[in-house]
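Colleague: Attaching a predicted model along with its sequence, questions to come.
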Amino acid sequence: MGPKVQQKTKEQKLAAALAGGKSKKKKWNKGKMREKLNAKILFDEDTLTRFNTEVPKMKLITPAGLIERMKITGSLARAALKQMEADGHITLVQGHHKQMIYTRNTGGD
């Protein structure tokens, strides 16, 4: 058997236990946060006039494209495109519940 190891006193054990938890917690998230877009939920005067003039001239019209250009929400873009189609300003090319694709009305239709 090897030599006996000197055992610590209760005070030394207590001091070691209290000193052990002083290190900083590891932070796992070091990724960059994406900036949140402050999109409009209703049309104001400027946005509505821009929408009514620009959209009928666009070749490819999708809700995602309108969200990017006009800085509006997706539900507002979908509703506005449905209304514009009902009025006869644009034509539905491909309809799906996830992605609607419209185009401008040409003179031949």
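Modeller: Here it is on my side, so go on.
Colleague: elements contacting the top helix by length along the chain?
Modeller: Ordering each helix of the chain by length in residues (DSSP state H) puts helix 74-87 first. When contacts are defined as 3 or more Cβ pairs under 8 Å, 6 or more residues apart in numbering; DSSP states H and E, helix 74-87 sits against helix 63-70, strand 90-94, strand 101-104. The way it works is simple: take the backbone N, C-alpha and C, and place the C-beta from them, glycine included.
Colleague: switch to 6 Å and redo it
Modeller: Counting contacts by 3 or more Cβ pairs under 6 Å, 6 or more residues apart in numbering; DSSP states H and E, helix 74-87 packs against helix 63-70.
Colleague: which parts of the helix it packs on are buried?
Modeller: 63, 66-67, 70 (16 or more other Cβ atoms under 10 Å).
Colleague: Looking at these, which one is closest to E45?
Modeller: Taking Cβ to Cβ as the measure, E45 lies nearest M70 of the buried residues of helix 63-70, at 13.2 Å.
Colleague: Who's the closest spatial neighbour of that closest one, skipping the chain neighbours?
Modeller: T47 (5.8 Å; Cβ to Cβ, 6 or more residues apart in numbering).
Colleague: is it true that that neighbour lies in a helix?
Modeller: Yes: applying DSSP: H, G, I helix; E, B strand; the rest coil, one finds T47 inside a helix.
Colleague: what's the neighbour count on K82?
Modeller: Counted by other Cβ atoms under 10 Å, the residues lying close to K82 total 14.
Colleague: So it versus A17, what's the distance?
Modeller: 67 Å (Cβ to Cβ, to the nearest Å).
Colleague: what do you get for K10?
Modeller: K10 is 11 Å from A17, by Cβ to Cβ.
Colleague: How about L92?
Modeller: From L92 across to A17, the span is 71 Å (Cβ to Cβ).
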